[in-house]
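Asks: I'll drop the sequence and a predicted model, then ask my questions.
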Amino acid sequence: MATEPALIAEQVVCGYEGPPVLRGVDLAVAHGEVLGLIGPNGSGKSTLLRAFTGVLRLTGGRVLLAGRPLSSYHRSEIARQIAVVPQMSDSLFAFTVEDYVLMGRTPHLGRLQSQRPSDLQAAREALELADLTALAHRPITELSGGELQRAALARALAQQTNILLLDEPTAFLDLSHQHAIFELLTRLNREQSKTVVCVSHDLNLAAQYCGRVAVLADGRVYIEGPPQAVITEQMIAEVYHARVEVDTGPAAAPRVTLLPGPGERK
């Protein structure tokens with residue numbers, strides 16, 4: 001059994017042009033856990049996912065993958081261990097959904113190697129998991145936002161990695177698909193021991209489905225721990241500057257209800 005955390009951020013500093021977005025992030029992700037990253041807009045959640053994959057160059061600190069500095073890995077090695085579901089696909093070409101999902105098999109193919117029957121099987125299994133089998137031969141440019149989000153998830157599942165990083169995987173999805181996606185992620189975690197790190201703006205989904213949550217604020221980890229200990233009225237007031245009521249929902253997880261501000265009609 002692996003003893004090293006799956007991913008570790010040690011005093012990570014990075015960003016884009018201008019001041020750094022992450023300003024000394026320390027966070028360890030254990031093997032086989034479902035970790036939710038929450039926090040207000042601009043707090044660094046998506047940036048941390050990019051740091052975890054090596055897409056962003058760090059200006060301070062380091063990231064470890066399975067106990068080894070991420071900078072020592074080749075890109076193809078990282079892609080065989082970490083799959084990413086972005087907020088939206090940047091594909092502009094009319095691939096079929098099946099061909100798009102098959103791209104998730106690229107890290108497992110040698111240079112100039114053609115796709116094998118096992119690759120097609122992996123893609124079809126991923127399509128089924130994402131509830132997209134009926135759309136397999138549709139051009140991806142004809143998908144709705146929610147369907148495109150599920151196609152991105154299927155492509156990541158076809159990659160067959162041990163670690164899944166997801167940036168708002170339920171964006172553009174209706175209520176039934178929001179819960180279906182999180183049910184799928186928790187099932188993959190339970191049955192295949194996949195490590196899942198999920199950025200979410202929905203505190204109730206994060207509370208219900210994530211075993212641990214980390215709150216980012218001002219480029220640092222503000223607090224992390226079980227949802228019951230982290231998602232509190234005090235934290236939300238301090239970090240989100242919002243008035244809420246937090247009670248216990250049907251799933252025994254914290255349930256957040258936004259309260260009207262001063263002067264607003266109830």
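Replies: Ah, there it is. Just so we're clear, the structure is a prediction, and the values are computed from it rather than from any experiment.
Asks: May I have the helix or strand encompassing residue 79 exported as PDB, CA atoms only?
Replies: Using DSSP states H and E, residue 79 falls within helix 75-81. What follows is helix 75-81, C-alpha atoms only, in PDB (Å, rounded to 0.1, in the frame of the first residue of the first chain):
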ATOM      1  CA  ARG A  75       4.600  15.000 -19.600                       C
ATOM      2  CA  SER A  76       3.500  11.600 -20.800                       C
ATOM      3  CA  GLU A  77       4.300  10.100 -17.400                       C
ATOM      4  CA  ILE A  78       2.100  12.700 -15.700                       C
ATOM      5  CA  ALA A  79      -0.700  12.000 -18.200                       C
ATOM      6  CA  ARG A  80      -0.700   8.300 -17.300                       C
ATOM      7  CA  GLN A  81      -1.200   9.200 -13.700                       C
END
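Asks: Show me what counts as buried in it.
Replies: By neighbour count on 16 or more other Cβ atoms under 10 Å, the buried set for helix 75-81 is 78, 79, 80, 81. Placement of C-beta: from N, CA and C, glycine included.
Asks: and the residue nearest to the spatial centre of the chain, helix, strand or coil?
Replies: Closest to where the C-alpha atoms of the chain average out (Cα atoms, centre = their mean) is residue 166, at 1.7 Å. Assigned with DSSP: H, G, I helix; E, B strand; the rest coil, residue 166 falls in the strand class.
Asks: what residues are up against it?
Replies: Applying Cβ atoms under 8 Å, 6 or more residues apart in numbering, we find residue 166 in contact with 84, 85, 153, 156, 185, 196, 197, 198, 199.
Asks: re the thing from before, from the middle of its chain, how far away would the helix holding residue 79 be?
Replies: 17 Å (Cα atoms, centre = their mean, to the nearest Å).
Asks: Likewise for stretch 217-226?
Replies: The answer for stretch 217-226 is 16 Å, by Cα atoms, centre = their mean.
Asks: wait, residue 165 sits on residue 85?
Replies: Yes. Under the criterion of Cβ atoms under 8 Å, residue 165 makes contact with residue 85 at 7.1 Å.
Asks: Now stretch 227-238: average pLDDT?
Replies: Averaged across stretch 227-238, the pLDDT comes to 97.
Asks: Pull the number of nearby residues for the nearest residue to residue 143 once chain neighbours are set aside.
Replies: Among residues not flanking residue 143 along the chain, residue 151 sits closest, at 6.4 Å (Cβ to Cβ, 6 or more residues apart in numbering). Counted with other Cβ atoms under 10 Å, residues neighbouring residue 151 total 27.
Asks: Assign a three-state SS to residue 151, would you?
Replies: Residue 151 ends up helix, using three-state DSSP.
Asks: Kindly report the same for residue 246.
Replies: Going by three-state DSSP: residue 246 is strand.
Asks: ok, back up a step: give me the beta-bridge partners of the residue nearest to the centre of the chain?
Replies: residue 85, residue 198 (DSSP bridges).
Asks: Look up how far residue 45 lies from it.
Replies: 11 Å (Cβ to Cβ, to the nearest Å).
Asks: List the residues that are in contact with both of the two.
Replies: With Cβ under 8 Å, 6+ apart as the test, residue 166 and residue 45 both reach residue 199.
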